[in-house]
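**Student:** no sequence for this one, just the structure:
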């Protein structure tokens, strides 16, 4: 197998790749999964550029962020501090992310507290007849509500630990084959865990296309605000398997949480 | 050239020792997840010395074969024995083994005789080996760099404790790649391990020094 007398390069070793300015392992992995929407929360002005495959159509508009250059978790990017009062990002309504079929939503952040009336929005698509809401609740919980015309499917669940005050990746999936929403969370301490559901109702009605902008961090009226940091908001037009969600969470949170592993991964 | 795989052994759920670099996930048999790690704020895995082991997949073996064929390979990991008695318990405990056949293998292990930490590389029946007198009960770092046309360097805690010219011709494809034991499996590791990496080139002394520093 081994070539005993292989030709040896006698010159200097090739220069090692430098990670700065290149994709991190998290970014490279996420890119390989083709997210429709990827807001990295790096916008320092009024625009949050969509790094997902849909492109500029889904660029977000930033409103009164508490801090747009606070230290984040992903790569060297900054994060956004949602001030629990007026901070919100709106993304234009677009058919590509209307949650009419399979999808996976991911929010990577650090929730400081449970937000206004313990209903701080991770996201909301407000419409007159068909609100889609993914929000935090009291007692370490997440809730999905979807007020469709013919039914009101709800998934509500809680997690064992570490809900606020730590970095986490939170996942919501909708699988059209089961018509159910799943809620999951990845933390460095507990890995990927699925919520303990108090309700997980199968959707039976068609999901009406939302007719308003997607709101990140607040509801349609600017209330129910999110209190904490967000570093990533992703929307995939497919159901990611658990292993892929776990890997996303692990790579995302390892960046600054464990410099030793990052040191190894950055070795050429 | 680059990292073949990095299996930090930090997972706390599922029986998978994820490969963080290239997805060469190890299959865990028995190892206890969530043990206290070497000091970087992440956990490690505990091996009971009886039957705990991690088996690396075919993709890893192919990548390691490619590295060996190209002439360079490095292995590094953190480990800690489960107690002082392990160093004198009269058993041979493997931390890593890449096994082709009886005449071609790469091993890092605690030797049968007391207080010896060892590497053994058999290349076509020519044995390259070194025993390092050692009995630490703390976490320690091991690195083995192999230039199949040059030197073998064995590092413990970032210090080169042996540099020897490589002898023989390594041949064949890896049949078994294990963390925590020897093919069979047998000779199971008794203690803790984590941050296992395999590189398809010779790590530099500076890189080994860096890897031997675990501070978060």
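**Tutor:** It's in. Because the structure is a prediction, the values reported are computed rather than measured.
**Student:** where does residue A:247 fall, helix, sheet strand or coil?
**Tutor:** helix (DSSP: H, G, I helix; E, B strand; the rest coil).
**Student:** my guess is it meets residue B:18, correct?
**Tutor:** Yes: contact criterion Cβ atoms under 8 Å: residue A:247 and residue B:18 qualify, at 7.3 Å. From N, CA and C alone the C-beta is placed, and that goes for glycine too.
**Student:** for the residue nearest in space to the middle of chain B, grab phi and psi.
**Tutor:** Nearest residue to the geometric centre of chain B (Cα atoms, centre = their mean): residue B:96, 3.5 Å. According to degrees, to the nearest 10, the main-chain angles of residue B:96 amount to phi -140, psi 140.
**Student:** ok, what's across the strand from it?
**Tutor:** residue B:108, residue B:179 (DSSP bridges).
**Student:** model confidence score at it, please.
**Tutor:** On the pLDDT scale, residue B:96 is placed at 98.
**Student:** I'd guessed it sits against residue B:179; true?
**Tutor:** Yes: counting by Cβ under 8 Å, residue B:96 touches residue B:179, with 6.1 Å between them.
**Student:** need the overlap of contacts for the two.
**Tutor:** Common contacts of residue B:96 and residue B:179, defined by Cβ atoms under 8 Å, 6 or more residues apart in numbering or on different chains, comprise B:77, B:196.
**Student:** am I right that residue B:87 is in a helix?
**Tutor:** Yes: counting by three-state DSSP, residue B:87 is found in a helix.
**Student:** look up the closest residue to it, ignoring the ones flanking it.
**Tutor:** Closest residue to residue B:87 apart from its sequence neighbours, by Cβ to Cβ, 6 or more residues apart in numbering or on different chains: residue B:135 at 4.4 Å.
**Student:** again with residue A:58
**Tutor:** residue A:50 (4.2 Å).
**Student:** gap between that neighbour and residue B:50?
**Tutor:** Computed as Cβ to Cβ, to the nearest Å, the residue A:50 to residue B:50 distance reads 53 Å.
**Student:** of those two, who's got more company?
**Tutor:** Neighbours were tallied for residue A:50 and for residue B:50 using other Cβ atoms under 10 Å in any protein chain shown; the higher tally belongs to residue A:50 (23 against 8).
**Student:** what is the neighbour count of residue A:157?
**Tutor:** 22.
**Student:** so it sits against residue A:183, correct?
**Tutor:** Yes: contact criterion Cβ under 8 Å: residue A:157 and residue A:183 qualify, at 4.8 Å.
**Student:** list residues touching both of the two?
**Tutor:** With Cβ under 8 Å, 6+ apart, residue A:157 and residue A:183 have common neighbours A:142, A:194-195, A:197.
**Student:** out of the residues you listed, who's nearest residue B:35?
**Tutor:** residue A:194 (24.3 Å; Cβ to Cβ).
**Student:** excluding chain neighbours, what is closest to that closest one?
**Tutor:** residue A:184 (4.9 Å).
**Student:** again with residue A:251
**Tutor:** residue A:26 (4.0 Å).
**Student:** where do the helices of chain A begin and end?
**Tutor:** A:25-32, A:242-257, A:259-265 (DSSP state H).
**Student:** give the rounded mean pLDDT of the first one.
**Tutor:** If I follow you right, that is helix A:25-32. 77.
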